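Here is my input, please return the structure:
(chains A and B, ligands or ions: 1)
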Amino acid sequence: MKITGAQAIIKALEYENTDVIFGYPGAAICPFYDALVDSGIKHILTRNEQGAAHAASGYARVTGKTGVCVSTSGPGATNLITGIATAYMDSIPMVAITGQVSSELIGRDVFQEADITGATAPFCKHSYLVKNEKDLPRIIKEAFYIASTGRPGPVVIDIPVDIQTREFEFNYPKNIDIKGYKPTYKGHSLQIKKVAEAVSKAKRPLICAGGGIIRANASKELLDYANKCSIPVTTTLMGLGAIPYHHKLNLGMLGSHGVYAANYAVHNADLLIIMGARVGDRAMGSPSQIENKASIIHIDIDPAEIGKNIKVSIPVVGDVKSILSELIEVSQKGNVEEWNVLINEAKEKNSIKTNYEDKAKFVSPKYALSVLTKLIDEKTVVTTEVGQNQIWTANYLGVRKAGTFITSGGMGTMGYGLPAAVGAKIGALESRVIAIAGDGSFQMSMNELGTIKQNKLGIKIIVFNNHRLGMVREMQKVKYCSRYSGVFLDENPDFIKLFEAYGFTGKTIDSNSQVEEALKEMLSDDKTCLLEIIVDPEESTL
Amino acid sequence: MGKHILSVLVENHAGVLSRVAGLFSRRGFNIDSLAVGVTENPEISRITIVVDGDDYIVEQVGKQLNKLVDVIKIKQLEKEESVSRELVLIKVEANANTRSEIIQIVEIFRANIVDVSKNTLTIEISGGANKVTALEDMLKQFGIKEIVRTGTIAIERGNNYTKVNNNDEE
Ligand SMILES: Cc1ncc(C[n+]2csc(CCOP(=O)(O)OP(=O)(O)O)c2C)c(N)n1
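Purely as a prediction, here's the structure:
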């Protein structure tokens, strides 16, 4: 039987087990939206296409499935861009479907035409501009495959409106053969042996776990391995949750915004084992210093990451989960007792866990987050925005489980947290979802409150209100002689009233003594609500 | 630093060239030349790229190119084990006094004259980079009006060839 291109897209999505998509319609994607009426796929209308992409990302991060977002051509597609780039930097599996103007009009600058495959080329894993409706099944199958395998990432499919209406005989391909795309999964056994040997000889080994551990679902293997060889573990921002925060081998986050013990360990290790991390500048600002002191082992599924930012003595390309399983078999613990003593001393100096100050009219965000940690269960998903709120959360909220901490690590995209929470909630309805924001970032995506209301999602929102773009202000204080410029948010709306306008409730607190009760109250039901926490603009990030 | 020749097999699709070229500009890699053409298999094109950089750069270029789904295979061609050529057209000023001298030079280089006018000669030369540069140097004195070059293409010597499914020697 012949079906239209639009129906074929829906069918293909069904073959890929997509049950929810995030999107925003428009003329060039109308045939698809028409076909959607007859399908069981749930559509979540966000309030901006960027929100759709971020929601698809949040959904992907809690479910492990490929997130799908949809937009129309031109402005709809360009609004997706930040979300696509954000997903790319964090290696999130995503398929972005965009409508395009009619095939015969492409290139003539007609109404709402934008070259979205061109625009997204630098930050999507792959893209397709569909030229023939008969290619749709193959392209969609390939797109899901590419997005979700190897190092995951977003794939863009741009589909002209006429292609969506043309009829053809639909056949979903069974197999995939992409000549230029064959990810390596199995680690080279010789390299794995070399790793085991180096680890058994090392006196001061350290594991640096990145988001790759979470994407590969390899936390258990990581723990087993670290336990077996008594190797302390530090994580990147994207790796938070790879090891439970309270685990004795966990050091916390490393880098310019990380904690003392983690950075002490990085700079004193003699063997650094980087797993599923890309040696980003925020995590390792001076790789040359590190490579002078330690031998480097780098395990990653993306060969291009190995040797890119740091000199590596033992590279292992492949799936970190299977590589860790093999390592557990062949590895032996080295002579690391002394090192672990030093590490534990350094952890004592992670004084930051206790340096809360009681101030009149302000809450310590660090204190609030440590209280929150005690009140939530391990399934609770927390999203953050970007800025001080992100770093406070990374360092003071204890993340227990992989996939429950959702943040824009690589891009640092303000406006990510709330829509990501929408996607996360839809992906994990049984889990509590908390979106943590600064007052600046919150206002970048607060329109998504409408999405939350329409879909009756219960999301707990905490806004750390310092009436400033706090992190930028802090940078101006430290690096620009306190010449504050463009960082004041003195005319914020009444956030409580804003929530009330959507039918939600809200509460404001401004002293540490109110924190525990307010958080408990917030967590006493499943309704969406705001807890506005007033924070001193002088509060520092670290 | 140095020049390195990469022979890259890619899918023969629209958009592939822009992805490859975009990658170079985005990552800040310097390319001397880039030549594209279809291979013996019409579904596959070959891009020959001359990269300027040290071993780190060349390794990065290779790895980043490999990440492109449309890139099927990359081979770095070593100077000694490959033959490289570039086709260059040079339009040089020529008058009754200089014409014969230019023709002599062209003969020495085994180049060809492909077009003549009252005050110009157009010369076609193909060869390795050194030969082409040497001719260019010799012709400068007469006044070069225009140079058009194809960019270097290269092929392995002997029984080696770069194909989608082979691993080098066959
Ligand atoms: C889309 C975007 N624009 C600008 C920035 C630069 N930036 C980084 S942190 C920050 C301030 C964030 O302010 P707020 O959300 O209030 O959080 P705070 O730092 O006060 O916790 C800004 C503007 C960014 N990361 N993302």
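
Against A:Gly150, how distant is whichever residue of chain A sits closest to chain B?
Nearest to chain B in chain A, going by CB to the nearest CB, is A:Ala304, at a distance of 3.8 Å. C-beta coordinates here come from the backbone N, C-alpha and C atoms, glycine included. Computed with CB to CB, to the nearest Å, the distance linking A:Ala304 and A:Gly150 is 11 Å.

Then A:Asn466?
41 Å.

Please say which of these two ends up with more neighbours.
A:Asn466 (26 against 20; other CB atoms under 10 Å in any protein chain shown).

Quick check: that one touching A:Asp536?
Yes - look at A:Asn466 against A:Asp536 with CB atoms under 8 Å: they come within range, at 6.8 Å.

Can you list the helices and strands that the worst-scoring helix or strand of chain A on mean pLDDT packs against?
Ranked by mean pLDDT, DSSP states H and E, the weakest helix or strand in chain A is helix A:287-293, scoring a mean of 90. Judged by 3 or more CB pairs under 8 Å, 6 or more residues apart in numbering or on different chains; DSSP states H and E, the packing partners of helix A:287-293 are helix A:260-268.

All the strands of chain B, residue numbers only.
Counting by DSSP state E, residue ranges of the strands within chain B are B:3-11, B:30-38, B:44-52, B:71-77, B:82-93, B:112-116, B:120-127, B:144-149, B:153-156.

Adding mean neighbour count, mean pLDDT and distance to A:Val371 as columns, could you present those strands in CSV?
Conversion of these to CSV gives the following (neighbours: other CB atoms under 10 Å in any protein chain shown; pLDDT from 0 to 100; distance: least, CB to CB, whole Å):
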stretch, mean neighbour count, mean pLDDT, distance to A:Val371
strand B:3-11, 21, 95, 55
strand B:30-38, 15, 93, 54
strand B:44-52, 21, 95, 56
strand B:71-77, 20, 95, 52
strand B:82-93, 18, 95, 67
strand B:112-116, 12, 97, 83
strand B:120-127, 19, 96, 76
strand B:144-149, 13, 96, 69
strand B:153-156, 19, 94, 66
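
A:Gln388: which of these is closest?
Closest approach to A:Gln388 among those (CB to CB): strand B:30-38, 39.6 Å.

Spell out which strands sit alongside the closest one in the sheet and which way each one runs.
When pairing is defined by DSSP bridges, strand B:30-38 lines up against strand B:44-52 (antiparallel).

Relative to the whole chain's centre, how far out is the strand it pairs with?
8 Å (CA atoms, centre = their mean, to the nearest Å).

Okay, angle between it and strand B:71-77 too, please.
Between strand B:44-52 and strand B:71-77, the angle comes out at 50 degrees (axes from the mean of the first three to the mean of the last three CA atoms, to 10 degrees).

Run through who's touching strand B:44-52.
For strand B:44-52, contacts defined as CB atoms under 8 Å, 6 or more residues apart in numbering or on different chains pick out B:1-12, B:16-17, B:20, B:29-39, B:57-58, B:61, B:72, B:151-154, B:164.

helix or strand right after the least confident helix or strand of chain A?
For helix A:287-293, the following helix or strand on the C-terminal side (DSSP states H and E) is strand A:295-300.

So which elements touch that next one?
helix A:189-201, strand A:271-275, strand A:314-317, helix A:320-330.

number of nearby residues for A:Tyr416?
Neighbour tally, A:Tyr416, other CB under 10 Å: 36.
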